[in-house]
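Trainee: prediction below, plus the sequence it came from.
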Amino acid sequence: MVVPAPAPQRTRPQQDLLSKSRERFLTSESVEPGRVRDPILASWLRSRRWGVVADHVKPLYQADFEPDTPLARSALPVILRLQESLDGQRISVILTDADGLVLSQMTTDPDFQRHLERVQLAPGFSYSERLVGTNGIGTALEGGRAICVFGHEHYAEHLEDLACAAAPIRHPLTGMTVGIVDLTCLCVDAGPLLITLAKTTAEQIQQALVADSRTRAVRLFEEYLRTCKGTGGIVFAVGKDVVVMNDHARQLLDPNDQSLLVEQAGETLTEPASRPAQITLSSGAEARLYWHPLREAELVYGAVVEVKLSSAGHRHTRAGEPPTRQDLPGLVGSGSLWLRGCSEVESAYESGEWLALEGERGVGKLAVLRAIHQAHNPAARFRVIEAEDVAGSAPSVQLLRELLDGAGGAVVVRHIDRLRPDACLKLADELRTARAQQHERPVWVAVTGNVATTTDDQSELFRLFPRTVEIPPLRHHIDDLAELVPFFLRRLNRSELVCSGEAIKLMMRASWPGNTQQVCDVLNEVVHHRRTGVIQPAELPPECQTVSRRVLSPLESMERDAIVRGLLNASGRKDEAARSLGMSRATIYRKIHEYGIVTRRT
């Protein structure tokens, strides 16, 4: 960081010339070049523009200010050590917040203390440049860097016998200015090292902030983990400079709703809530927030928040009537097959009927189950278990038994079509025993897999799941891409990035064998090289430039990608692309047709 050179200790003639320059400025006369330092002259201009009076000091007093802030606590040991080394000297060490409000003012000289009190340079008063004009504290805040203001360089004449050296204190994590440390003395006592001492003190306070921030962050994270273990719902932690949320929050909440809840929780850091708050999310669901504030010396520095969602009042579809829009949390899409599949799963959940859910890889089976559970019973547990783990792991079998032992909630067993015959029988026995016990709070169980390809040995297991619902592949509701793309961009924290109409049309021509998960993966690749603005067709990866209806082998995918890149580099000219790839004109035409590559001349 570059800082202006400190003002040298001025002689009486120099002070007289500076005083005359200030008088000329205040009477709107021109100031001779070189008589006033550039940062001081810029500050004078700001002070005049803000209408600061020059014939007296008029700082604003804040009666209810809080002197015991995290900054003040971190800075106190540093200031006390400095004060001890300055014992017997007429120098005051002043600490302010980011607005120039004085938090503390220390000096060992009683006469100098009274002098500073006469100009109201005392705790509770604001010495911002907008109120007092040019001074060490306010001008350092406006300029964002260390500065020395000497004698008649002050805008207000009652400060002209003082010299001030001030340096910003920046937060170690965000880099934002959180306060000012200022050393003030009489002009006759000022020396050229005053500014160096102020900067060194600011650096020491910043180091103290690092240590204290780590301690508070560890406490906040420990409370967050403890809360996550005790609840199966949405949990997030908010501090002054950190936000942490669990998987439930990221998967079930729209990014806009995440921001809304974090903003609501952040307000408790300044005004702690005495009771739960309730807000309406963009999906129509009601969110109830329960606070766990963390305090230090009665000051809240962080909070862990539990969120309970209620779908009451936002679902209006009549029984038996297929929905016309998607209103489950964390899901988008309005294709009729997609909505019908979601509706059938929801009907099974509401009736308590165990369900087998099938569909291609990446269609969103688990996302549908999680969203429906969150919409109907957000406070209950939702656990996902791999079928292969249950079959081969004693701890996983024990976990399944505990979940089925009257705890309520929902359990999803994934990929049961991958089980060996003996493992199917073992899992069927566990589930049959749980169903026979008829607990007061029965658990709802869903399994995922390819039910259509089950063997005779697996049929015993599937008899426990009387209903089967298929989630359609993306190609059967391809128009939903127009909603999926902005949805995934928001989830990737790229709300400032949009997809052009031409790019959307190109994506709709692709077959998407990996379904919605492949769309998310593609966009995740795109945002690595395009962070803002509009995504154009040429910026999409090669897999989006084809309309192939089969899954390619790894070698074929590499060849397809090379051809697509060659065509893009050649602006769609096939002859030029063929030469760059070392293949004949006939071969590239055949490969383009075979892989379904979409070509465009630019």
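Mentor: Cool, got the structure. Note that the coordinates shown come from a computational prediction; the quantities given were computed from them, not determined experimentally.

Trainee: distance between the ends of stretch 142-159?
Mentor: 19 Å (C-alpha to C-alpha, to the nearest Å).

Trainee: which helices and strands does the biggest helix by length in the chain pack with?
Mentor: Counting by DSSP state H, the longest helix found in the chain is helix 194-230. If you count contacts as 3 or more C-beta pairs under 8 Å, 6 or more residues apart in numbering; DSSP states H and E, helix 194-230 packs onto helix 70-85, strand 147-150, strand 162-170, strand 177-186, strand 234-239, strand 243-245, strand 286-296, strand 299-310. Where you see a C-beta, it was placed from the backbone N, CA and C, and this is true even at glycine.

Trainee: so Lys58, which of the three states?
Mentor: coil (DSSP: H, G, I helix; E, B strand; the rest coil).

Trainee: how close does it sit to Leu116?
Mentor: Distance, Lys58 to Leu116, by C-beta to C-beta, to the nearest Å: 16 Å.

Trainee: again with Arg216
Mentor: Counting by C-beta to C-beta, the gap from Arg216 to Leu116 is 33 Å.

Trainee: also Phe465?
Mentor: For Phe465, the distance to Leu116 - C-beta to C-beta - is 79 Å.

Trainee: low-confidence ranges in the stretch 101-250 of the chain?
Mentor: 173, 230-232, 241 (pLDDT under 70).

Trainee: ok, and the closest non-adjacent residue to the residue most central in space within the chain?
Mentor: When C-alpha atoms, centre = their mean is applied to the chain, the residue found nearest the centroid is Val243 (6.4 Å). Spatial nearest neighbour of Val243, excluding adjacent residues (C-beta to C-beta, 6 or more residues apart in numbering): Val262 at 5.5 Å.

Trainee: and that neighbour, what element?
Mentor: helix 255-266 (DSSP states H and E).

Trainee: got the angle for that helix vs strand 299-310?
Mentor: 140 degrees (axes from the mean of the first three to the mean of the last three C-alpha atoms, to 10 degrees).

Trainee: ok, and what's touching helix 255-266?
Mentor: 236, 238, 243, 245, 249-250, 253, 277, 279, 281-283, 287, 289, 291, 303, 305, 307, 490-491, 493, 495 (C-beta atoms under 8 Å, 6 or more residues apart in numbering).

Trainee: tell me which residues in that helix are buried?
Mentor: Of the residues in helix 255-266, 255, 257-258, 260-262, 264-265 count as buried by neighbour count, 16 or more other C-beta atoms under 10 Å.

Trainee: again, but for stretch 505-514
Mentor: Quick answer for stretch 505-514 (16+ other C-beta under 10 Å): 506-508, 510-514.

Trainee: the lowest-mean-pLDDT helix or strand in the chain: what's the following helix or strand?
Mentor: Taking mean pLDDT, DSSP states H and E as the measure, the helix or strand of the chain with the lowest value is helix 394-403, at a mean of 58. Using DSSP H and E, the helix or strand that follows helix 394-403 in sequence is strand 410-414.

Trainee: so what touches that following strand?
Mentor: Taking C-beta under 8 Å, 6+ apart as the rule, strand 410-414 contacts 349, 366, 369, 373, 377, 380-387, 390, 400, 403-404, 427, 443-449.

Trainee: quick one on the thing from earlier: just the C-alphas of the helix holding Val262, formatted as CSV.
Mentor: Extracted in CSV, the C-alpha atoms of helix 255-266 (Å, rounded to 0.1, in the frame of the first residue of the first chain):
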residue,chain,number,x,y,z
PRO,A,255,-30.4,-19.6,-4.0
ASN,A,256,-32.7,-16.6,-3.6
ASP,A,257,-34.3,-18.2,-0.6
GLN,A,258,-30.9,-19.0,0.9
SER,A,259,-29.9,-15.3,0.6
LEU,A,260,-33.2,-14.3,2.2
LEU,A,261,-32.8,-16.5,5.2
VAL,A,262,-29.1,-15.5,5.6
GLU,A,263,-30.1,-11.9,5.5
GLN,A,264,-32.8,-12.5,8.1
ALA,A,265,-30.4,-14.3,10.3
GLY,A,266,-27.8,-11.6,10.0
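
Trainee: let me see the mean pLDDT of that helix.
Mentor: Average pLDDT, helix 255-266: 78.

Trainee: just how off-centre is that helix within its chain?
Mentor: 10 Å (C-alpha atoms, centre = their mean, to the nearest Å).

Trainee: what do you get for stretch 292-307?
Mentor: 19 Å.

Trainee: list the buried residues of it.
Mentor: So for stretch 292-307, counting by 16+ other C-beta under 10 Å, buried means 292, 294, 300-307.

Trainee: cool, stretch 206-214 as well?
Mentor: Buried, per 16+ other C-beta under 10 Å, within stretch 206-214: 206, 208-209, 212-213.

Trainee: got the contact list for it?
Mentor: 70-71, 73-75, 77-78, 169-173, 178, 241.

Trainee: run the last query once more with 6 Å
Mentor: 74, 78, 172 (C-beta atoms under 6 Å, 6 or more residues apart in numbering).

Trainee: now tabulate those residues in TSV and tack on distance to Ile94 and neighbour count.
Mentor: Converted to TSV, these look like this (distance: C-beta to C-beta, whole Å; neighbours: other C-beta atoms under 10 Å):
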residue	distance to Ile94	neighbour count
Ser74	16	22
Val78	13	21
Pro172	22	17
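
Trainee: Leu18: which of the residues you listed is nearest?
Mentor: Val78 (32.8 Å; C-beta to C-beta).

Trainee: ok so, going back, how about JSON lines for the contacts of stretch 206-214, with distance to Asp109 added?
Mentor: Formatted as JSON lines, the contacts of stretch 206-214 follow (distance: C-beta to C-beta, whole Å):
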{"residue": "Ser74", "distance to Asp109": "26"}
{"residue": "Val78", "distance to Asp109": "20"}
{"residue": "Pro172", "distance to Asp109": "33"}
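
Trainee: nearest to Leu183, of the residues you listed?
Mentor: For those, the nearest to Leu183 is Val78 (12.7 Å; C-beta to C-beta).

Trainee: okay, that closest one and Asp212: tell me how far apart.
Mentor: Applying C-beta to C-beta to Val78 and Asp212 gives a distance of 12 Å.

Trainee: Leu328 now?
Mentor: 43 Å.

Trainee: just checking, Leu294 touches Gly302?
Mentor: Yes: in this structure, Leu294 is within contact of Gly302 by C-beta atoms under 6 Å, at 4.4 Å.

Trainee: what's the overlap in contacts for those two?
Mentor: With C-beta under 6 Å, 6+ apart, Leu294 and Gly302 have common neighbours Leu220.

Trainee: could you work out the end-to-end span of stretch 228-239 for me?
Mentor: Using C-alpha to C-alpha, first and last residues of stretch 228-239 are 17 Å apart.

Trainee: so what touches it?
Mentor: Under C-beta under 6 Å, 6+ apart, the answer for stretch 228-239 is 220, 224, 227, 244-246, 248-249, 265-266, 302-307, 378-379, 381-382.

Trainee: what do you get for stretch 506-523?
Mentor: In contact with stretch 506-523 (C-beta under 6 Å, 6+ apart) are residues 360, 362-364, 473-475, 478, 481, 484, 488, 537, 541, 544, 547, 549, 551.

Trainee: what's the answer for stretch 132-150, then?
Mentor: Stretch 132-150 has contacts (C-beta under 6 Å, 6+ apart) with 3, 6-7, 39, 43-44, 47, 52, 59, 96, 100, 127-129, 154-156, 163-168, 180, 182, 195, 199.

Trainee: likewise stretch 91-98?
Mentor: 75, 79, 82-83, 102-107, 116, 137, 177-185.

Trainee: if any of the residues you listed are buried, give me the PyMOL selection for them.
Mentor: A single PyMOL command suffices to select whichever of the contacts of stretch 91-98 are buried according to 16+ other C-beta under 10 Å:
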select buried, resi 75+79+82+83+102+103+104+105+106+107+116+137+177+178+179+180+181+182+183+184+185
